[in-house]
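J.: Predicted model and sequence below, questions to follow.
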Amino acid sequence: MSVRVPAKVNLQLSVGPVRADGYHDLVNVFHAVSLFDEVTATPADGLRLTVEAAPHSRVAVGGVPTDDGNLAARAARLVAARLGVEPAVALRIRKAIPVAGGMAGGSADAAAALVACARLWDDRDRPALTRDDLMELGAELGSDVPFALLGGTAIGVGRGERLTPALARGTFHWVFATADGGLSTPAVYAECDRLREAQGRAAAWPRVSEDLMTALATGDAKNLGAALDNDLQAAALSLRPSLRRTLAAGREFGAAGAIVSGSGPTCAFLVANEEHAADLAAELDGAGVAEQVVVAAGPVPGATVV
Ligand code: C5P
């Protein structure tokens with residue numbers, strides 16, 4: 001049972017006040033892009049997990065845990081517990097999504113593992129898990145997991161797990177510049193809080209950007225580029241100042257929008273069309289401002305059985 005699952009970029013990530021549970025209330029506009037991990041589940045005598053780079057991808061998988069520190073393993077256990085079966089499965093994860101890159105690769109793998117295990121353990125003697133069941137299990141695992149199941153373009157509120165699909169027209173073309181070494185999501189949120197406190201700025205209650213929604217609905221890359229907004233960007237730049245050069249290079253080479261993806265350090269550039277994406281990728285490669293440069297398009301569907 002193999003499941004393909006996309007990366008995400010945040011078109012808008014507005015971080016509100018810290019809640020009692022330590023999470024932040026968000027307005028998070030997710031957009032799934034054509035950079036895919038694949039998770040294959042096969043029956044085994046116990047829970048086993050292997051991680052490798054996808055063919056033709058140069059993702060560094062060295063730091064990815066192969067025990068319960070991997071969200072995909074926790075996903076398998078959660079499905080097994082819900083169905084009342086043993087988590088006897090071998091999960092093989094093939095990664096093309098950058099690790100700890102701000103593109104929700106770990107959450108994507110968890111979403112794929114949910115779908116793969118639910119299918120693998122599907123049995124006519126008990127009710128199958130529904131899409132809603134999987135969304136609920138996904139939210140237990142992490143804030144970004146439900147979106148990896150859903151895909152497309154969607155607005156997330158709460159922790160980012162309460163989703164509404166957004167109206168989007170056509171295809172948007174992206175270039176992603178990865179950086180050496182990841183950034184820890186909790187560390188970036190903490191830095192965001194620290195910067196706000198140091199500047200005496202209280203967090204405003206987040207609201208969906210009307211300009212962004214209009215640009216999406218009309219398929220206008222130029223306007224969408226101008227409306228991209230990420231409250232975690234300042235924090236990511238504070239922790240990784242070299243990203244300023246990467247963003248500046250993308251703007252200089254004519255990107256319609258340049259933004260840190262999620263908690264970073266991957267930088268995302270929106271361009272007008274596929275040709276421009278290839279040109280910009282070559283320019284960024286040549287400028288030496290990225291570890292790796294990849295092109296992708298969105299929106300694409302969420303976790304899908306292949
Ligand atoms: O939900 P998930 O485990 O993916 O979140 C990772 C970390 O990101 C949390 O531990 C928290 O530090 C931060 N976070 C947050 N507010 C959110 C989502 C994530 O502070 N809405």
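T.: Good, I have the coordinates.

J.: just checking, Ala249 touches Gly286?
T.: No. Here Ala249 does not reach Gly286: they are 9.7 Å apart, not a contact under CB atoms under 8 Å. The C-beta positions use only the backbone N, C-alpha and C, and glycine is treated the same way.

J.: More neighbours: those two, which one.
T.: Ala249 (22 against 11; other CB atoms under 10 Å).

J.: any chance you could read off phi and psi for the more buried one?
T.: Dihedral angles of Ala249 (phi, psi; degrees, to the nearest 10) stand at phi -60, psi -40.

J.: Quick check: it vs the ligand, distance?
T.: 28 Å (CB to the nearest ligand atom, to the nearest Å).

J.: Contact partners for that residue?
T.: Neighbouring residues of Ala249 by CB atoms under 8 Å, 6 or more residues apart in numbering: 283-284, 287, 289.

J.: can you narrow those to ones near the ligand?
T.: By CB under 6 Å from any ligand atom, no member of the contacts of Ala249 lies near the ligand.

J.: and which of those is nearest to the ligand?
T.: Val289 (26.6 Å; CB to the nearest ligand atom).

J.: For that closest one, list the residues it contacts.
T.: 177, 245-246, 249 are the contacts of Val289 under CB under 8 Å, 6+ apart.

J.: one more time with 6 Å, if that's ok
T.: 245-246, 249 (CB atoms under 6 Å, 6 or more residues apart in numbering).

J.: Adding pLDDT and secondary structure as columns, could you present the contacts of Ala249 in TSV?
T.: TSV is the format used below for those (pLDDT from 0 to 100; DSSP: H, G, I helix; E, B strand; the rest coil):
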residue	pLDDT	secondary structure
Glu283	97	helix
Leu284	97	helix
Ala287	96	helix
Val289	96	coil
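
J.: Most neighbours among these, please name it.
T.: Leu284 leads the contacts of Ala249 on contacts (other CB under 10 Å) with 23 neighbours.

J.: And Ala256, how close does it get to Ala118?
T.: Applying CB to CB, to the nearest Å, one obtains 39 Å for the distance of Ala256 from Ala118.

J.: and what of Phe30?
T.: 22 Å.

J.: again, but for Ala190
T.: 34 Å.

J.: So if I had to pick from the two, which one is more boxed in?
T.: Ala118 (24 against 14).

J.: Find the helix or strand that that one is a member of.
T.: Element membership of Ala118, judged by DSSP states H and E, is helix 105-120.

J.: One more: Met213?
T.: Going by DSSP H and E, Met213 is part of helix 210-218.

J.: now swap in Val188 and tell me
T.: Going by DSSP H and E, Val188 is in helix 185-198.

J.: Does the ligand have contacts with that helix?
T.: Yes. Using CB under 6 Å from any ligand atom, helix 185-198 reaches the ligand at 185-186, 189.
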